[in-house]
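Participant: using only what follows, build the 3D model:
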Amino acid sequence: MEKGMRIAINTGGGDAPGLNAVIEAVVLSASNRNWEVYGIKNGYAGLLNTDEIIRLNPESVRHICNMGGTILGTTNKGNPFKMPITNVAGETEIRDVSDKVVENFRRLRFDCLIATGGDGSLQIAYDFYKKGMPVVCVPKTIDNDLGATVVTFGFDTAVSIATDAIDRLHSTAKSHERVMVVEVMGRHAGWIALNSGVSGAADVVLIPEIPFSIDKICDHIMEREIHGQHYAIVVVAEGAVPEGGRIMDKGKGEVGRQDVVLGGVGEFVAKEIALKTGKDTRSLVLGHLQRGGSPTTFDRLLALRFGAAAVRMVEQRNFGAMVALEPPDVKAVPLEQVIGSIKNVPAGSDTIKTAREIGISFGD
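Facilitator: As a prediction, this is how the structure comes out:
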């Protein structure tokens, strides 16, 4: 058993239920090897301002696996390769401060960085690996859209929260004979909308992979009306797009920007349905509710497995790789096979087929 290893760990991108479980597993697994673990706060900020680095020991992390969020903090605006810096004139410049991060990493005698995050965080970690930093990655996204792993932690919790919300909306929609449009997360992939929509008995599910027609959605709702169902539930992923349209951005509306803030498609769909059908229609955005709260049992266990597997990879010097679930095992996958790989919902998937066969419309 090797002694004296010093591991750094950070969490980046959006928060997700299960991040604290990863931290707990890393610290406890490393401690059993007589290694030291240090938490880098707020993404990579702690490696720029080293006052933001904290020592993690078993006492500080034990039993945090049931907690939502991350005790280390996180950010999706702290890319050291493209860091916004305000100069003396008050102007903001984009600078590459990655060399400073590497310098501090080496000065602090860290042997490896365990980077936990989604596609953006994985790209940053890979860029640091190419600069010579030993890196092991843990995939995290509630969207479940990362390639190379069957599932990511946080997804099961997000789907459970969305399904519970849909279940609750059935009663109020039925009481008022309304159409309720529920917008859930899902930038590039519709896994949350699909799984929660089918499980929650929605009438319409709209996902990024299948462009939708408002007319076809309305036809489906009015067909239900004829057969005595005077209310409807529509679940829409934030990245869903109408036929011939484009993704909706609450910001400047410029597709391709790094700071795109998705949202508004649910309200758009609700207004169009009300206009074309005359039905009383309301929209609801679940937003960050899907990220909050305690992780489900599945997500806790998966995150703990990922954290322990990451430490084993450090022990084996398997750097530049990501832990991935390949049932029944957790395996290492080279980062170059992961970067830029988005896992979309296959149009011919069994869940899509099931949804269509039980009468759910995708607006196509």
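Participant: how about the CA coordinates for stretch 199-212, as CSV?
Facilitator: Taking Å, rounded to 0.1, in the frame of the first residue of the first chain, the C-alpha atoms of stretch 199-212 are listed here in CSV:
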residue,chain,number,x,y,z
SER,A,199,-43.8,7.2,-16.1
GLY,A,200,-46.1,10.1,-15.2
ALA,A,201,-48.7,9.2,-17.9
ALA,A,202,-48.3,12.4,-19.8
ASP,A,203,-50.3,12.9,-23.0
VAL,A,204,-47.5,14.6,-25.0
VAL,A,205,-43.7,14.5,-24.5
LEU,A,206,-41.5,16.8,-26.4
ILE,A,207,-37.7,16.1,-26.6
PRO,A,208,-34.8,17.7,-28.5
GLU,A,209,-34.3,14.6,-30.7
ILE,A,210,-37.8,14.9,-32.3
PRO,A,211,-38.8,18.3,-33.6
PHE,A,212,-42.5,19.0,-32.8
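Participant: pLDDT averaged over it - what is it?
Facilitator: Stretch 199-212 shows a mean pLDDT of 96.
Participant: so how far is it off the chain centroid?
Facilitator: In terms of C-alpha atoms, centre = their mean, to the nearest Å, the centre of stretch 199-212 is set 19 Å apart from its chain centre.
Participant: that stretch: which residues count as buried?
Facilitator: 199-200, 202-212 (16 or more other C-beta atoms under 10 Å). (Glycine included, C-beta is placed from N, CA and C.)
Participant: tell me the one of those residues nearest Gly239?
Facilitator: Pro208 (4.1 Å; C-beta to C-beta).
Participant: for the stretch 1-150 of the chain, what spans make up the helices?
Facilitator: Counting by DSSP state H, counting those that start in this stretch, residue ranges of the helices within the stretch 1-150 of the chain are 19-31, 58-61, 98-107, 119-130.
Participant: could you tell me how many residues sit around Asp215?
Facilitator: 12 (other C-beta atoms under 10 Å).
Participant: now do the phi/psi pair for it.
Facilitator: phi -60, psi -40 (degrees, to the nearest 10).
Participant: show me where this protein has its strands.
Facilitator: 6-11, 36-40, 53-56, 83-86, 92-95, 112-117, 135-139, 179-184, 204-206, 232-237, 281-285, 321-326, 329-334 (DSSP state E).
Participant: hang on, the earlier thing: so which of the helices of the stretch 1-150 of the chain is the most surrounded?
Facilitator: helix 19-31 (a mean of 25; mean count of other C-beta atoms under 10 Å).
Participant: for it, the distance to its chain's centre please.
Facilitator: Using C-alpha atoms, centre = their mean, the offset of helix 19-31 from its chain centre is 20 Å.
Participant: dump that helix to CSV, restricted to CA.
Facilitator: The C-alpha trace of helix 19-31 is given here as CSV (Å, rounded to 0.1, in the frame of the first residue of the first chain):
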residue,chain,number,x,y,z
LEU,A,19,-21.8,14.9,-5.6
ASN,A,20,-21.3,14.7,-1.9
ALA,A,21,-21.5,10.9,-2.1
VAL,A,22,-18.6,11.0,-4.6
ILE,A,23,-16.6,13.2,-2.2
GLU,A,24,-17.3,10.9,0.7
ALA,A,25,-16.2,7.7,-1.2
VAL,A,26,-13.0,9.4,-2.4
VAL,A,27,-12.0,10.6,1.0
LEU,A,28,-12.8,7.3,2.8
SER,A,29,-11.2,5.1,0.1
ALA,A,30,-8.1,7.3,0.1
SER,A,31,-7.9,7.4,3.9
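Participant: specify the angle between that helix and strand 6-11 in degrees.
Facilitator: Angle of helix 19-31 versus strand 6-11, following axes from the mean of the first three to the mean of the last three C-alpha atoms, to 10 degrees, is 170 degrees.
Participant: between the buried residues of stretch 199-212, which sits nearest Lys140?
Facilitator: Out of the buried residues of stretch 199-212, the member with the shortest distance to Lys140 (by C-beta to C-beta) is Pro208, at 20.0 Å.
Participant: would you mind giving the strands of the chain as a markdown table with distance to Val150 added?
Facilitator: Converted to a markdown table, those look like this (distance: least, C-beta to C-beta, whole Å):
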| stretch | distance to Val150 |
| --- | --- |
| strand 6-11 | 22 |
| strand 36-40 | 27 |
| strand 53-56 | 29 |
| strand 83-86 | 34 |
| strand 92-95 | 36 |
| strand 112-117 | 18 |
| strand 135-139 | 11 |
| strand 179-184 | 21 |
| strand 204-206 | 22 |
| strand 232-237 | 20 |
| strand 281-285 | 29 |
| strand 321-326 | 5 |
| strand 329-334 | 10 |
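Participant: ok, of those, where does mean pLDDT dip lowest?
Facilitator: What stands lowest among these, in mean pLDDT terms, is strand 83-86, with a mean of 82.
Participant: who does that one touch, helix- and strand-wise?
Facilitator: Packing partners of strand 83-86 (3 or more C-beta pairs under 8 Å, 6 or more residues apart in numbering; DSSP states H and E): strand 92-95.
Participant: ok, the strand it packs on: who's next to it in the sheet?
Facilitator: strand 83-86 (antiparallel) (DSSP bridges).
Participant: got the CA positions of the partner strand in CSV?
Facilitator: The C-alpha atoms that make up strand 83-86 are tabulated as CSV, following Å, rounded to 0.1, in the frame of the first residue of the first chain:
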residue,chain,number,x,y,z
MET,A,83,-11.2,33.1,-17.7
PRO,A,84,-13.0,36.5,-17.7
ILE,A,85,-10.6,39.0,-16.0
THR,A,86,-11.5,42.6,-15.3
